[in-house]
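Student: mind folding the following:
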Amino acid sequence: MAYKPITDQQLRLYLTDLQDHSQRTAAARAGFSERTARRFDADPTLPSNRKIVHGRTAADPLQVYWQNDLLPLLEKDSALQAVTLLRHLQSEHPLAFPDDRIRRTLERRVRQWRALNNPERDSIFRQTPEPGYMAQSDFTHAEELEVTIAGQPFPHLLYHFVMVYSRWEHVGVVLGGESFTALAENLQQALWSLGGAPQNHRTDSLSAAFRNLTADEREDMTRRYSAFVGHFGMDASRNNRGEAHENAAVESQHRHLKKAIEQALILRGSRDFACIEDYRRFVDFLVARRNRQRAAAVQAERAHPKPLPPRRTTDFTEIVVPVARTGGFLVKSIFYSTPSQLIGQRLRVHLYDDRLEEALLGSTLVVSHLRARGRVDGHRVHVINYHHVVNALRRKPQALWTSIYRDSLFPRTEYAEAWKVLQRDLPRREACRRMVDLLFIAHDQTCEAELAHLLADDPAAGRVPDPDLLASRLSPMPTALPRNVAVAHPSLDSFDALLGARA
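Tutor: Purely as a prediction, here's the structure:
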C-alpha cells in the first residue's frame, strides 16, 4: 500500500476517540496504524506544524567500510561494479556481511559516487538545419529484407543520401561493399536527381573504403574523395568515430526506409524479382513516393543548393590489367573473358560497383561484363562470355570436358541442362562435340533464346539434343525470288518538268 501522509483531521479524530476507546480502536477509526498512534502519543503536534526532517532513519551499514575499504578501490579504477565490491567486503569481513542484504545499498552508494566524481562527458547539441547547407550519406545492410533475384538470395547494401533540412532522400542498390566507387557513382546520381549540390557533404569515417589499405593507398583515396567533392563545390566533413548522432539525419532514416520497403514488399505479395533492374525500379518508385510527402520542404530547399557542373566526374576505379594466354584477365581475383584477339594486350579496366568496362585504345570500348563477387569458400569465380571462346572451342572441342570455367560458359540454364543430358547419354568425345556445336549455333545465328526454348523441349520429350536437327528447326523458310523484274525507266523530260514547276 502506498504511503499517505497523516492529516490534521485524522490526528484530531484520533485524540477525540482516545478518550472513549482503546489506542488500537482509536487508531483504526482514524485510519492509521497502532505504531503511528504511539508516535502521536509521544508528540501530539499536528502534522501541519511539524518540521519535516530528511535524513537517515537507520544506521549506515557502510559507514566504517566505505572510506577505508571501498573508496580507495573505486578511485583506483571506477569501472569496478558494486557486486564486485560486495564480494570483496564479504571476503575481508565475513562476519559483518554474511549475505547480500547490503547489495542494493552499495549499488546506490556507488552510483551516487560515480555521478559526483566521474570525468565530464560530452553533451549533444541539437542543431537547427539550414536549407541547402548539408547532405549526409551512408550505407546500410539490407539482408533483413530477404529479397531474392530469380529465386536466389540477394545480399546487398543500400546507399542512402538525405538532405538534412527537407529529408529529401535518394537510395541506390549496391551490390558490393562500401567502396569509393559505390559512393561516387550513387552520390552523383543523387545530386543530378536533386538538381543541385549542397554546401557540405557529411559521411561517417569512410572506414570501409580505407580498410586494409596501405598508408599510400589511404592517402590516394583521400585525394580522390577531396577532388570528387571539390568538383561539385562541396565541403567534405565526417562525424567523429563512434558518434552516430552526428550523422543522425541519415542514420535515423535507415530504419524508416527499410520499414517502408518491408511494408511495400508485403503489399506486393512477393520478395522475388526477375532481375536486379526490376528491384531497383521498385525501390526508386517507393523513394519517389516518400519524397512527394516532403514537397513543401523540398521546394524551399531547391532555391539554396549550388548549381551542378556541366559534366559528371569520374565515378569508377581504373585498373590496368594484362590479357593472359587463357583468354582473359584477373580483377580482384575474379577471371573475366575477352576476345582472343586481345591476348597479350593491356586493358584499362573501368571498375564500377555493378559492371566492368574495358577500353583498349583511347576511349574505344572493347569488352563489358557484369561485375562478379568472390565466393566465401575461396574458389575462384569465372565470368565467361561464350561468344569470346566458342571459335577456339570448335578447334578443340574436347577441352570443354575438363575446362575449369565450363560451368560458367553456358549462357542459360537450358544449355547447362542440355550438357547434363549429353554428358549422361553420350560418349565423352561426342558429348563435347555436340555441346560446342550448340554454342556455335547460338553464336553464329544469334538465336540464343530461341535455341534455349528448343533445348528445353528435347529433354522433356526424352530426346538427346542433336545440333543438326535443332539447326534445321531454326533455319528460316526459303523464299523464292522473282527471276524477271521489270524496271520502268522515266524519261529525262519528266525531270525538266519538275524543275520548271519548282521555278
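
Student: skipping adjacent residues, who's closest to residue 111 in space?
Tutor: Ranked by CB to CB, 6 or more residues apart in numbering and with sequence neighbours excluded, the top spatial neighbour of residue 111 is residue 82, at 7.9 Å. (Glycine included, C-beta is placed from N, CA and C.)

Student: surely the one you found is in contact with residue 102?
Tutor: No - with contact defined as CB atoms under 8 Å, residue 82 does not count as touching residue 102 (9.8 Å).

Student: let me know the pLDDT of the residue nearest to residue 111.
Tutor: Note for residue 82: predicted pLDDT of 92.

Student: quick one: contacts for it?
Tutor: Applying CB atoms under 8 Å, 6 or more residues apart in numbering to residue 82 gives the contacts 103, 106, 107, 109, 110, 111.

Student: now the residues you listed in TSV, with neighbour count and pLDDT?
Tutor: TSV is the format used below for the contacts of residue 82 (neighbours: other CB atoms under 10 Å; pLDDT from 0 to 100):
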residue	neighbour count	pLDDT
103	14	93
106	22	92
107	15	93
109	19	91
110	21	93
111	11	93
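
Student: in the stretch 51-200 of the chain, where is pLDDT below threshold?
Tutor: Scanning the stretch 51-200 of the chain for pLDDT under 70 picks out the ranges 54-55, 57, 122, 124-125.

Student: going along the chain, name the helices of it.
Tutor: Taking DSSP state H, counting those that start in this stretch to define them, one finds helices in the stretch 51-200 of the chain at 63-65, 71-76, 82-92, 103-117, 180-194.

Student: of all the ones you listed, which lies closest to residue 14?
Tutor: Proximity of the helices of the stretch 51-200 of the chain to residue 14 was assessed by CB to CB; the nearest stretch is helix 103-117, lying at 34.4 Å.

Student: now that closest one and helix 82-92, what's the angle there?
Tutor: Using axes from the mean of the first three to the mean of the last three CA atoms, to 10 degrees, the inter-axis angle of helix 103-117 relative to helix 82-92 is 120 degrees.

Student: still on that earlier bit, ranking the helices of the stretch 51-200 of the chain by burial, who's on top?
Tutor: Highest mean neighbour count among the helices of the stretch 51-200 of the chain (mean count of other CB atoms under 10 Å): helix 180-194, with a mean of 21.

Student: that helix: how far from the chain's middle?
Tutor: Counting by CA atoms, centre = their mean, to the nearest Å, helix 180-194 is centred 15 Å from the centre of its parent chain.

Student: gap between residue 455 and residue 470?
Tutor: As for residue 455, its distance to residue 470 is 7 Å (criterion: CB to CB, to the nearest Å).

Student: tell me, how many residues neighbour residue 394?
Tutor: Residues lying near residue 394 (other CB atoms under 10 Å) number 14.

Student: in this structure it contacts residue 433, no?
Tutor: No - in this structure residue 394 lies outside contact range of residue 433 using CB under 8 Å: 9.3 Å.

Student: which non-adjacent residue is nearest residue 454?
Tutor: Nearest to residue 454 is residue 470, by CB to CB, 6+ apart, at 5.3 Å.

Student: ok, now which ones touch the one you found?
Tutor: With contact taken as CB under 8 Å, 6+ apart, residue 470 is in contact with 438, 441, 451, 454, 455, 458.

Student: one more pass at 10 Å, please.
Tutor: Applying CB atoms under 10 Å, 6 or more residues apart in numbering, we find residue 470 in contact with 418, 434, 437-438, 441-442, 447, 450-451, 454-455, 457-458.

Student: any idea how far residue 281 is from residue 291?
Tutor: 16 Å.

Student: so the two - more neighbours on which side?
Tutor: Neighbours per residue (other CB under 10 Å) separate residue 291 from residue 281, with residue 291 holding more: 18 against 12.

Student: which residues does the helix or strand hosting the more buried one contact?
Tutor: In this assignment (DSSP states H and E), residue 291 forms part of helix 276-292. In this structure, residues lying in contact with helix 276-292 by CB under 10 Å, 6+ apart are 142, 145, 147-150, 154, 156, 158, 160-161, 163, 166-173, 175, 193-194, 253, 256-257, 260-261, 263-265, 268, 271-273, 275, 298, 354, 370.

Student: try stretch 4-21
Tutor: For stretch 4-21, contacts defined as CB under 10 Å, 6+ apart pick out 23, 25-32, 36-37, 39-41, 44-50, 52.

Student: and the strands in the stretch 1-150 of the chain?
Tutor: Counting by DSSP state E, counting those that start in this stretch, residue ranges of the strands within the stretch 1-150 of the chain are 134-141, 148-149.

Student: give me the neighbour count for residue 429.
Tutor: Residues lying near residue 429 (other CB under 10 Å) number 11.

Student: go on, residue 365?
Tutor: 10.

Student: tell me the pLDDT of it.
Tutor: pLDDT, residue 365: 81.

Student: phi, psi for it please.
Tutor: Per-residue torsions, residue 365: phi -80, psi 120 (degrees, to the nearest 10).

Student: what's opposite it in the beta bridge?
Tutor: Beta-bridge partners of residue 365, counted by DSSP bridges, are residue 359.

Student: so which helix or strand takes in residue 262?
Tutor: In the assignment (DSSP H and E), residue 262 maps to helix 248-268.
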